[in-house]
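A.B. asks: Provide a 3D model corresponding to the input given below.
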Amino acid sequence: MNIPILPEQASLGAREVDHLTIALCILTAFFVAITAGPILYFAFKYRRGRVVDRRHGPIKTLRFEVTWTIMPVILALGLFAWSAKAYFEQRHAPVNAMEIHVIGKQWMWKAQHPQGKREINALHLPVGVPVKMLMTSQDVIHSFFIPAFRMKQDVLPHRYTTEWMVPTKIGTYHLFCAEYCGTDHSRMIGTVTVMSKAEYEQWLTTGEQAESPVLAGARLFQQLGCSGCHVGSNVVRAPQLTGVYGSVVPLQDGRSVIADERYLRDSILLPGAEIVAGYDPVMPSFQGRISEEELMALTAYLKSIGQKEGGGAP
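C.D. replies: Prediction:
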């Protein structure tokens, strides 16, 4: 009977995560053996009633102590450097990554592709294409977990979290919520289907079609009156948004921030929190006035008109 120890490797970073996990397990087992082993040995050898030499002769331990101190430090630093490298590689998505919006809700996953295609408790991806997940929660804390991709990212209310991957193997894989989120947490599951690029393009044309996030955001930008202030208004002096995404924004309090997804979201919901230098805090808050889907659409539109040539937010 074939019982795999680890799930199938189906993403670009899965192999390194497995190697790191195995190395950590081997090191842990090694130190357990050289500490617990002598303890068990001496407990047996010097048990009550055993006739053995119990004299405490002089022992020079300096070399042993220095080795016992330096060796674990070197191994720990090496493991830290390796894991930090893997972590930072997983935290920084390529600039050209395809962005998919994901919203967690008791008890389902809702996803929208850049072309507008929506799905629930399912995710279709093209093989070999970098994919960035922009995620948030509509209610409580969830955790987006694809074991075959070695990908697990908490999905939090009132903020964005991101994760990215490159699917490397065509097939169907499990999708879970790895954070207890209420009564039906165990039912918050789905499937991830990795297909060829041609099959993915064909799949996008099937079923009910929806407006792309960028187009929906452009429509909302007009409907909510944002364009009246941020597009050359003669009445209200507001920051221009062309080229803002990925740039450094100076604030009234002397700080500077990167205009990433977090900044765009907070500027819409909490406009008084980070006021741009040289402007008055006159923008109203849209907290409670727009849904998470609409907020993600606005963010997508602002990124599309604010993307600097050749780069973006880190």
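
A.B. asks: tell me the SS of A198?
C.D. replies: Recorded secondary structure, A198: helix (DSSP: H, G, I helix; E, B strand; the rest coil).

A.B. asks: could you list every residue that touches it?
C.D. replies: Residues near A198 by Cβ atoms under 8 Å, 6 or more residues apart in numbering: none. (Each C-beta comes from the backbone N, C-alpha and C, glycine too.)

A.B. asks: pLDDT wise, what is it at?
C.D. replies: We have a pLDDT of 94 for A198.

A.B. asks: Residue ranges in the stretch 201-314 of the chain under the pLDDT threshold?
C.D. replies: 232-236, 306-314 (pLDDT under 70).

A.B. asks: That one: strands as residue ranges?
C.D. replies: Secondary structure of the stretch 201-314 of the chain (DSSP state E, counting those that start in this stretch): strands located at 248-250, 256-258.

A.B. asks: between the ones you listed, which gets nearest to V192?
C.D. replies: Smallest distance to V192 across those (Cβ to Cβ): 30.4 Å, for strand 256-258.

A.B. asks: Scan the chain for its longest helix.
C.D. replies: Among the segments of the chain that qualify as a helix by DSSP state H, the longest is helix 14-45.

A.B. asks: Next, the angle helix 14-45 makes with the next helix or strand after that one.
C.D. replies: The element immediately downstream of helix 14-45 (helix or strand, assigned by DSSP states H and E) is helix 62-91. Between helix 62-91 and helix 14-45, the angle comes out at 150 degrees (axes from the mean of the first three to the mean of the last three Cα atoms, to 10 degrees).

A.B. asks: packing partners for the very next helix or strand once past helix 62-91?
C.D. replies: Scanning forward in sequence from helix 62-91 by DSSP H and E, the next helix or strand is strand 98-105. Here strand 98-105 touches strand 108-112, strand 122-126, strand 131-137, strand 142-146, helix 292-306, going by 3 or more Cβ pairs under 8 Å, 6 or more residues apart in numbering; DSSP states H and E.

A.B. asks: element containing V192?
C.D. replies: Counting by DSSP H and E, V192 is found in strand 189-195.

A.B. asks: elements contacting that strand?
C.D. replies: strand 122-126, strand 171-177.

A.B. asks: so which of those strands gets nearest S247?
C.D. replies: Nearest of the helices and strands packed on strand 189-195 (Cβ to Cβ): strand 122-126, 30.3 Å.

A.B. asks: neighbouring contacts of that closest one?
C.D. replies: Contacts for strand 122-126 (Cβ under 8 Å, 6+ apart): 98, 100, 102, 109, 111, 113, 131, 167, 175, 190-197, 200-201, 203.

A.B. asks: What is the distance between that strand and the centre of its chain?
C.D. replies: Centre-to-centre, strand 122-126 and its host chain are 17 Å apart (Cα atoms, centre = their mean, to the nearest Å).
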